[in-house]
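Participant: give me a 3D structure for the following:
(chains A, B and C)
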Amino acid sequence: MRFSLCLTSNQVPSPLMALGSCSLMWFRKGLRIHDNPALEYAAKSSDFVYPVFVIDPHYMKPDPNAFSPGSSLAGLNRIRFLIESLVDLDSNLKKLGSRLLVLKGEPGEILIRCLEQWNVKKLCFEYDTEPYYQAIDVRVKDYACSAGIEVFSPVSHTLFNPADIIQKNGGKPPLSYQSFLKVAGQPSWASSPLSTSLSSLPPVGAYGNCEISEVPSVKELGYEDNGQDELTPFRGGESEALKRLRDSLSDGEWVANFEKPKGDPSAFLKPATTVLSPYLKFGCLSSRYFYQCLQDLYKNVKKHTSPPVSLAGQLLWRDFFYTMAFGTPNFDQMKGNRICKQIPWNSNEELLAAWREARTGYPWIDAIMVQLQKWGWMHHLARHCVACFLTRGDLFVHWEKGRDVFGRLLIDSDWAINNGNWLWLSCSSFFYQYNRIYSPISFGKKYDPNGKFVRHFLPILKDMPKEYIYEPWTAPLNIQAKAKCIVGKDYPRPVVLHDSASKECKRRLAEAYALNKELNGLVSEEDLHSLRRKLEEDQNHDIKAKRQRQKLIG
DNA sequence: CTCGTGTTGGCAAG
DNA sequence: CTTGCCAACACGAG
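Facilitator: All right, here's what the predicted structure looks like:
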């Protein structure tokens, strides 16, 4: 376990010190009691513990200009999930004789003010590898060190410490999952049981004139009841996370035989996966505890699946992306990203909006996008389908645009994993077989030939016969009329033709790959610009040639 | 340099 | 339900 310790004890003794030693536990992710080393350390030999959560306006303040209800960064479903998680955390802290102190403002600034006012001796918080927190944490740590406050910042959000893996691999993160597994080995903590219970916590100290509040409601944060008919069915919080974990683990056979690629993306009444990702994202569930439970279960069965497809393999994917993201400058963009292929994506706002607003005209794609808006969660393969469609499969829109939409609307959206998967799906990194394109028609049909998933999330198509539900534009007009869904009026026509669009995408990627190879990855903005022009010229030439051919035939 | 491998494509044939 | 083919890539081990 890594932590930084600063004991430059030049602090002037204050009269308050006689009251006993105080610790501050700063919650950000890690919204849990179980397996929380920072909380445990804060509680150890302290007379008072201040459990603090700072409401960051950057993340929580309503933004009326955003394309969906929520803040500028997070949709309402995820904000609600976070609030529920905080309410649960507060209630669990109360059971231990403590409570959650909620403050509002820029987190670094607020934290420093708390440290100043409360005579804190130990500052404890879970280490966070995201750039946003890295910047805040440097500032807070600097202050704490200069004030002689001990800082304890353990890595407990992931199975491994990304920095350890990078070091073991010679300074660079392992670029493939298999090499990651080899370098990572077994987690250091896995040999002994994790500490998962706390019997009590020291009381909260006096907090003077700091503005403390209870966990606010979504309404108190300034969000109107938007009257949306269907909200996410997933409730936030550690209690819910542990319940869901126990439910999943209770079917040992299911866990032992779990194979990620074999799940049914159209299952929504009973999803084909655990739906523990949002709880892992906020740390309501410890990934280490989950991993340990899985190892215990595997020990007691005859045979079980293995990484990458097993359930434990999914946690390792999470660590893989965390490590890649931590060790790759500009991981969240194409420019200046060492591992990202430079591709002349377009920034067609109309195509992007059609995708985002579930009106591409492909019911399978649109239904998934509605599920994203309403639930903030979709099956992994459903995410693949829409991400592929937006980028390398059909629309050739920049993956960063899709990343932003997912980043906002998913309740489990996680900076490292979201960016990693968009790099993957767009064939920008990790995965390069751009000929393998998910069909927006046949992929969904394979799992759900009757279109139950489409009918649920796109009720306008609920009476469309199953023969046409994945391609309603092919239905004869009388059938469209009978189904009360005229394509072009009640439901949009396809924004592109999949056959020709996907062929064009493949051609563009082939050209872009060749350019990346030729320039050894050092593709400048001008290079991309001229490639874009060349591709357009070729396309126009193709179209003209086709017209000529048609003229000759006609 | 070659060769094997890579979490999850689509399609047709057997 | 399984197999082979499509057309083809990057990466890393040797």
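Participant: closest point of the stretch 1-150 of chain A to DNA strand B, which residue?
Facilitator: Per CB to the nearest atom of the strand, residue A:129 is where the stretch 1-150 of chain A lies closest to DNA strand B, at 19.2 Å. To be clear about C-beta, it is placed using only N, CA and C from the backbone, and glycine gets the same treatment.
Participant: the residue lying closest to that residue once chain neighbours are set aside: what secondary structure?
Facilitator: Distance criterion CB to CB, 6 or more residues apart in numbering; nearest residue to residue A:129, sequence neighbours excluded, is residue A:326 at 4.4 Å. Assigned state for residue A:326: helix (three-state reduction, DSSP: H, G, I helix; E, B strand; the rest coil).
Participant: give the residue spans of the stretch 401-550 of chain A that score low on pLDDT.
Facilitator: A:549-550 (pLDDT under 70).
Participant: for it, which residues are neighbours of DNA strand B?
Facilitator: The stretch 401-550 of chain A comes close to DNA strand B at residues A:424, A:430-433, A:435-439, A:442-443, A:446, as judged by CB under 7 Å from any atom of the strand.
Participant: excluding chain neighbours, what is closest to the residue of the stretch 201-350 of chain A found nearest DNA strand C?
Facilitator: Residue nearest to DNA strand C within the stretch 201-350 of chain A (CB to the nearest atom of the strand): residue A:339, separated by 6.7 Å. The shortest distance from residue A:339 to any non-neighbouring residue, by CB to CB, 6+ apart, is to residue A:429 (4.6 Å).
Participant: run a quick neighbour tally on that neighbour.
Facilitator: Look at residue A:429: counted by other CB atoms under 10 Å, it has 22 neighbours.
Participant: where's it, which helix or strand?
Facilitator: According to DSSP states H and E, residue A:429 maps onto no helix or strand at all.
Participant: quick one: it and residue A:341 touch, right?
Facilitator: Yes - assessed by CB atoms under 8 Å, residue A:429 is found in contact with residue A:341 at 6.7 Å.
Participant: least confident secondary structure element in chain A?
Facilitator: Every helix and strand in chain A was compared by mean pLDDT, DSSP states H and E; the lowest is helix A:525-553, with a mean of 80.
Participant: what does the stretch 51-200 of chain A put close to DNA strand B?
Facilitator: Contact residues, the stretch 51-200 of chain A versus DNA strand B (CB under 7 Å from any atom of the strand): A:176-178.
Participant: who's in contact with the host helix or strand of residue A:163?
Facilitator: Element membership for residue A:163, per DSSP H and E: helix A:162-168. Around helix A:162-168, the neighbours that count as contacts under CB atoms under 8 Å, 6 or more residues apart in numbering are A:2, A:129, A:155, A:172-174, A:180, A:183-184, A:319, A:322-323, A:325-327.
Participant: with stretch A:175-187 instead?
Facilitator: Contacts of stretch A:175-187 (CB under 8 Å, 6+ apart): A:159-160, A:165, A:168-169, A:173-174, A:288, A:291, A:307-308, A:316-317, A:319-320, A:323-324, A:339, A:430.
Participant: is any residue of that stretch near DNA strand C?
Facilitator: Yes - interface with DNA strand C: stretch A:175-187 contributes A:175-176, A:179 (CB under 7 Å from any atom of the strand).
Participant: and that stretch, what's buried?
Facilitator: Buried residues in stretch A:175-187, counted by 16 or more other CB atoms under 10 Å: A:175, A:177, A:180-181, A:183-184, A:187.
Participant: roughly how far out does stretch A:397-416 sit from the chain middle?
Facilitator: Distance, stretch centre to chain centre, for stretch A:397-416: 7 Å (CA atoms, centre = their mean, to the nearest Å).
Participant: just give the closest residue to residue A:425, not the sequence neighbours.
Facilitator: Sequence neighbours aside, residue A:387 is the residue nearest to residue A:425 in space, at 4.0 Å (criterion: CB to CB, 6+ apart).
Participant: how about the nearest residue to the residue positioned nearest the centre of chain A, chain neighbours excluded?
Facilitator: What sits nearest the mean C-alpha location of chain A, by CA atoms, centre = their mean, is residue A:413, with 2.2 Å. Counting by CB to CB, 6+ apart, residue A:413 lies nearest to residue A:407, which is 4.9 Å off, once chain neighbours are set aside.
Participant: what about that neighbour, how many residues nearby?
Facilitator: By other CB under 10 Å, 20 other residues sit near residue A:407.
Participant: please identify which helix or strand holds the closest residue in space to residue A:260 that isn't next to it in sequence.
Facilitator: The shortest distance from residue A:260 to any non-neighbouring residue, by CB to CB, 6+ apart, is to residue A:309 (4.9 Å). Here residue A:309 is covered by no helix or strand, with elements defined by DSSP H and E.
Participant: repeat that for residue A:382.
Facilitator: For residue A:382, the host element (DSSP H and E) is helix A:380-388.
Participant: all helices for the stretch 51-200 of chain A, in order.
Facilitator: Ranges of helices within the stretch 51-200 of chain A are A:57-60, A:76-95, A:107-118, A:131-146, A:162-168, A:177-184, based on DSSP state H, counting those that start in this stretch.
Participant: please disregard the earlier target; I meant the stretch 401-550 of chain A.
Facilitator: A:415-425, A:442-447, A:452-457, A:477-482, A:498-518, A:525-553.
Participant: list the buried ones in the fifth one?
Facilitator: For helix A:498-518, the buried set under the neighbour-count rule, 16+ other CB under 10 Å, comprises A:498, A:501-502, A:504-505, A:508-509, A:511-513, A:515-516.
Participant: which of these sits closest to DNA strand C?
Facilitator: Each of the buried residues of helix A:498-518 was scored against DNA strand C by CB to the nearest atom of the strand, and residue A:513 proved nearest at 4.6 Å.
Participant: picking that back up, you'd agree the residue nearest to residue A:260 is up against residue A:263?
Facilitator: No - using CB under 8 Å, residue A:309 makes no contact with residue A:263, being 10.0 Å away.
Participant: the two - which one has more neighbours?
Facilitator: Between residue A:309 and residue A:263, counting by other CB under 10 Å, residue A:263 is the more crowded of the two (17 against 13).
Participant: per-residue pLDDT, the more buried one?
Facilitator: You'll see residue A:263 listed with a pLDDT of 88.
Participant: then residue A:386?
Facilitator: pLDDT, residue A:386: 96.
Participant: how close does the residue lying closest to it once chain neighbours are set aside get to DNA strand B?
Facilitator: Spatial nearest neighbour of residue A:386, chain neighbours left out: residue A:368 (5.0 Å); criterion: CB to CB, 6+ apart. Distance from residue A:368 to DNA strand B, counting by CB to the nearest atom of the strand, to the nearest Å: 14 Å.
Participant: ok now the host helix or strand of residue A:368, how far from the chain's centre?
Facilitator: Element membership for residue A:368 (DSSP H and E) is helix A:363-375. Distance of helix A:363-375 from its chain centroid, counting by CA atoms, centre = their mean, is 17 Å.
Participant: list the contacts for residue A:376?
Facilitator: A:75, A:77-78, A:81, A:232, A:234, A:278, A:409-412.
Participant: okay, and which of the residues you listed map to strands?
Facilitator: Judged by DSSP state E, strands contain none of the contacts of residue A:376.
Participant: now list the buried members of those residues.
Facilitator: Buried among the contacts of residue A:376 by 16+ other CB under 10 Å: A:75, A:77-78, A:81, A:232, A:234, A:278, A:409-412.
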